[in-house]
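Trainee: Would you be able to build a 3D model of this:
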Amino acid sequence: MDQALISSEAGVLAVLTGICAFFFWLEKATRWRLFQYVPPLVFIYLTPVLLSNTGVLVQWMGVDREAPSSPAAGVVAMTPAGVIPTSSPAYDAIKAFALPMMLVLMLLNVDVGRAVRLVGRGVGVMLFGSVGVIVGAALGTLAVRQWLEPNAWKAYGALAGSWVGGTGNLAAVSEALDASGTEVGLAVLADTLLLLLWVPVMLASKRIAAPFARFARVDEDRVAAMDAAILADEREAPSATYQEYLYLLFAAFAVTAVSQFITQSITEFLTARKFVWPVHFSESTCRILLVTTIGIALSFTPLRRIVASRHLGMALVFLFMAQTGATANLAMAAEQAAPFLGGALICIATHGAFCLLGARLLRVDIHTAAIASAANIGGIATASCVAAHHKESLMPAAILLALLGYALGNYAGLMTAALCRMAM
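Mentor: A predicted model of the protein is given here:
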């Protein structure tokens, strides 16, 4: 472990949770417009990167880290270690427990039947968009592979997980692929920068509603019926009780334990017969897929009605992303940033083309298509904002589509990673 300024497990956890809490407090207390364009997630990831890469930053600034210490002369050598370490048992604990628990808690709110009933063909457009992300990532990898490191396919897999689902899927897919902090950093960078470009496009698309309706041959009666169904289905969410929090924690810990037991049993079975995991399918991959599938299955139980599950899950998402930032290699990420962004741009453009194709084939209006795309690329918050701009009655539908994306994101991200690995 690095000889960092803060190296104890409790100290590291305090720093990571403090970073998460600080930037959300800062967003709420100051209401800076900066946070409308650069969400707290970016700072939550980057701050641990800087704290754990102090030595790299010092080297970039031209400070001689190899100079001998001379307290008498007032000169003290800079160490390559940072404020927090790049490896710690605390990070291992977060990956082992916080990540699978987060997945279970996030997936409990998914209501597939309600989403299909209320949004109808909008689900189809979202599925087209998801396929566009997968295909686009493979095309982007082909285009820029000569400038990327051999494991950059993991970053594209994590990015696809985010662009089909959300930040939680980015975290889950990166863990399933054993992606390094550097590779996750590239995914976070592309996710953030290209979202800033994509959201204005989704908002501005409202202005072409009439010509788009002619292009897509929209059935206005169907749109009116969908709006009426959404308004009739609106419901007020009750507050969660401490008993319900205990139910959630039990479910999350139980699924984590079951998934670990099954994957360990499979590993022991393979080892006893001198087999190994397939190239594209590791023990981590198996564990994440198990947690995802069990979490979706639990969404059909009464646990889905506990609204606090998503909030608790999101808290764990941000903690995981802070941990990932602390393990990143800043120098390597800087070298690959430009070509990786080029490939990601191809990916998001392909996603847009597939959304247009889906809207045309399914005869969906621009409002629903924009929300479906926003649910893919941005998640719940972005989809809600786009819905509020286009048509406020679609906000519940936007949330449902984004939750459906969470259910699909891990599968899509792993599929994308396999394709991108073949394209490298």
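
Trainee: Off-centre distance for the helix or strand hosting residue 202?
Mentor: Per DSSP states H and E, residue 202 falls inside helix 181-204. Computed by CA atoms, centre = their mean, to the nearest Å, the chain-centroid distance of helix 181-204 equals 11 Å.

Trainee: Can you give me the buried ones in stretch 260-277?
Mentor: Of all the residues in stretch 260-277, those buried under the rule 16 or more other CB atoms under 10 Å are 260, 263, 266-267. Just so you know, the C-beta spots here come from the backbone N, C-alpha and C atoms, and that holds for glycine as well.

Trainee: Oops, could you answer that again for stretch 28-48 instead?
Mentor: Buried residues in stretch 28-48 (16+ other CB under 10 Å): 35, 38-48.

Trainee: Residues in contact with that stretch: which ones?
Mentor: For stretch 28-48, the surrounding residues in contact (CB atoms under 8 Å, 6 or more residues apart in numbering) are 15-16, 19-20, 23-24, 26-27, 84, 167, 185, 188, 192, 196, 318, 321-326, 328, 381.

Trainee: now do stretch 190-200
Mentor: Against stretch 190-200 from outside (CB under 8 Å, 6+ apart): 37-39, 41-42, 155, 159, 162-163, 170, 340-341, 344-345, 348, 373-374, 377-378, 382, 385-386.

Trainee: what angle do the helix or strand harbouring residue 49 and helix 181-204 make?
Mentor: Here residue 49, judged by DSSP H and E, is contained in helix 40-52. Going by axes from the mean of the first three to the mean of the last three CA atoms, to 10 degrees, helix 40-52 is angled at 160 degrees with respect to helix 181-204.

Trainee: Can I get helix 40-52 in CSV, CA atoms only?
Mentor: What follows is helix 40-52, C-alpha atoms only, in CSV (Å, rounded to 0.1, in the frame of the first residue of the first chain):
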residue,chain,number,x,y,z
PRO,A,40,-21.4,16.4,-8.8
LEU,A,41,-20.4,13.0,-10.1
VAL,A,42,-17.5,14.5,-12.1
PHE,A,43,-16.1,16.2,-9.0
ILE,A,44,-16.7,13.1,-6.9
TYR,A,45,-14.6,11.1,-9.3
LEU,A,46,-11.9,13.7,-10.0
THR,A,47,-11.2,14.8,-6.5
PRO,A,48,-9.9,11.3,-5.3
VAL,A,49,-8.0,11.1,-8.6
LEU,A,50,-6.1,14.3,-7.6
LEU,A,51,-5.7,13.2,-4.0
SER,A,52,-4.2,9.8,-4.9
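
Trainee: average pLDDT for it?
Mentor: The average pLDDT within helix 40-52 is 86.

Trainee: And that helix, how far out from the chain middle?
Mentor: On CA atoms, centre = their mean, the centre of helix 40-52 falls 15 Å from the chain's centre.

Trainee: The helix or strand hosting residue 404 versus helix 181-204: what angle between them?
Mentor: Per DSSP H and E: residue 404 is located in helix 395-423. With the same axes, to 10 degrees as the basis, helix 395-423 and helix 181-204 are set at 140 degrees to each other.

Trainee: Which pLDDT does the model give residue 35?
Mentor: Reported pLDDT for residue 35: 83.

Trainee: my bad, residue 125
Mentor: On pLDDT, residue 125 comes in at 94.

Trainee: pretty sure it is touching residue 359, no?
Mentor: Yes - the criterion here is CB atoms under 8 Å, and residue 125 meets it with residue 359 at 5.5 Å.

Trainee: what sits in contact with each of those two?
Mentor: Joint contacts of residue 125 and residue 359 (CB under 8 Å, 6+ apart) are 368-369.

Trainee: which one is the most centrally placed residue in the chain nearest to, not counting chain neighbours?
Mentor: The chain has residue 167 as the residue nearest its centroid, 2.0 Å off, counting by CA atoms, centre = their mean. Distances taken as CB to CB, 6 or more residues apart in numbering place residue 317 nearest to residue 167, at 5.4 Å, with adjacent residues excluded.
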